[in-house]
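Asks: fold the following for me, if possible:
(one chain, ligands or ions: 1)
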Amino acid sequence: MSNRRPLIAGNWKMNGLTKDGLALAGEIATRLNKVASPNCDVLVCPPMTLVAAIAQKAEGSKLSVGAQDCHMNETGAHTGDTSPVMIKDAGCEYVILGHSERRTDHKETNEVVKAKASAAIKAGLKAIICIGETEAERDANKTIDVCASQIKGSVPAESTAENTVIAYEPVWAIGTGRTPTTADVQEVHAEVRKALTEVIGAEAAKTRILYGGSVKPTNASEFMPLPDVDGALVGGASLKADDFWGIVDSCI
Ligand code: PGA
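Replies: Residues are numbered from 1 along each chain as shown. You can find the predicted model right below:
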């Protein structure tokens, strides 16, 4: 984990209605506030319908709030979309970009992800840029090549350690209960950091690279101490306070 401050981020995906969402975020904020000096940052990324209410609830607490996507423009004729300026205005500090589900469901390319990241950074948000290989790419021994090319294609030149976080999420590990070995995760993270250095130079050494894909309280303590792992992006296990807190606990 080196001297980079870890980030544990919960990606709620398309889950959560008002009552339960507010209760879940409230519970995490309460537990976090009981820790005098947490050794990590903690973030929840609820669905767009809840970000403003949860950001309001989290105000004054140690809990950060983020969105799961944004448009690349500030305003305009884009029915159904949300701009980074609006997300910032709703009280968010972070936005997840280029998640594999968006790359698949919405055909988002590296170019699109990069444009969104630029817009998010310009709006004052921290961009969490997701990358990761599919199972077929892994079987063809292309993991490192795919991740390096996603980094080079998706990370804008203006990214810094302050405004950008990378999340390595092997697509085949998301929601499946399967994970790479710790040796594989460390190797990929180190290679991702090398590729990132080609894009943003010395900032790469300070930039957080999260692991995501079936992170649970039971395996977090294996991944979190790895030298190039600086936290986790958590899907399923972020929907229950005890599970999410179990992962936070491995860093705090
Ligand atoms: P998972 O999802 O933890 O449910 O595997 C991770 C993610 O998609 O961010």
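Asks: what helix or strand is Ile129 on?
Replies: Ile129 belongs to strand 126-131 when assigned by DSSP states H and E.
Asks: whichever residue of the stretch 1-150 of the chain sits closest to the ligand and Leu210, how far apart?
Replies: Nearest residue of the stretch 1-150 of the chain to the ligand (C-beta to the nearest ligand atom) works out as Asn11 at 4.2 Å. All C-beta spots, glycine's among them, are computed from the backbone N, C-alpha and C. Distance check for Asn11 against Leu210: by C-beta to C-beta, to the nearest Å, it reads 10 Å.
Asks: now do the shared contacts for the two.
Replies: Counting by C-beta atoms under 8 Å, 6 or more residues apart in numbering, the common neighbours of Asn11 and Leu210 are Leu233.
Asks: before we move on, back to that, wait, what's in contact with the residue of the stretch 1-150 of the chain closest to the ligand?
Replies: Cys45, Gln68, Ile96, His99, Gly212, Leu233, Val234, Gly235, Ser238.
Asks: repeat the analysis, applying 10 Å as the threshold.
Replies: Applying C-beta atoms under 10 Å, 6 or more residues apart in numbering, one finds that Asn11 lies in contact with 43-46, 66, 68, 96, 99, 101, 128, 130, 167, 169, 174, 212, 233-236, 238-239.
Asks: if I look at it, how far off is Leu43?
Replies: 9 Å.
Asks: coming back round to it: quick one: mean pLDDT for the helix or strand just after the strand holding Ile129?
Replies: Downstream of strand 126-131, the next assigned helix or strand under DSSP H and E is helix 135-139. Helix 135-139 shows a mean pLDDT of 98.
Asks: after helix 135-139, which helix or strand is next?
Replies: helix 143-154.
Asks: which strands or helices does that following helix pack on?
Replies: helix 110-122, strand 126-131, helix 135-139, strand 164-168, helix 182-200 (3 or more C-beta pairs under 10 Å, 6 or more residues apart in numbering; DSSP states H and E).
Asks: out of those, which gets nearest to Ala55?
Replies: In terms of C-beta to C-beta, the element of those nearest to Ala55 is strand 126-131, at 14.1 Å.
Asks: can that closest one be said to contact the ligand?
Replies: No: using C-beta under 6 Å from any ligand atom, strand 126-131 stays clear of the ligand, with a minimum separation of 7.3 Å.
Asks: what about the residue in the chain that the ligand sits nearest to, how many residues nearby?
Replies: The ligand sits closest to Gly235 of the chain, with a gap of 2.2 Å, by C-beta to the nearest ligand atom. Neighbours of Gly235 under the rule other C-beta atoms under 10 Å: 20.
Asks: okay if I get the helices and strands packed on helix 143-154 as a markdown table plus distance to Ser221 and mean neighbour count?
Replies: Formatted as a markdown table, the helices and strands packed on helix 143-154 follow (distance: least, C-beta to C-beta, whole Å; neighbours: other C-beta atoms under 10 Å):
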| stretch | distance to Ser221 | mean neighbour count |
| --- | --- | --- |
| helix 110-122 | 31 | 21 |
| strand 126-131 | 22 | 27 |
| helix 135-139 | 24 | 14 |
| strand 164-168 | 18 | 27 |
| helix 182-200 | 11 | 18 |
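Asks: lovely, talk soon.
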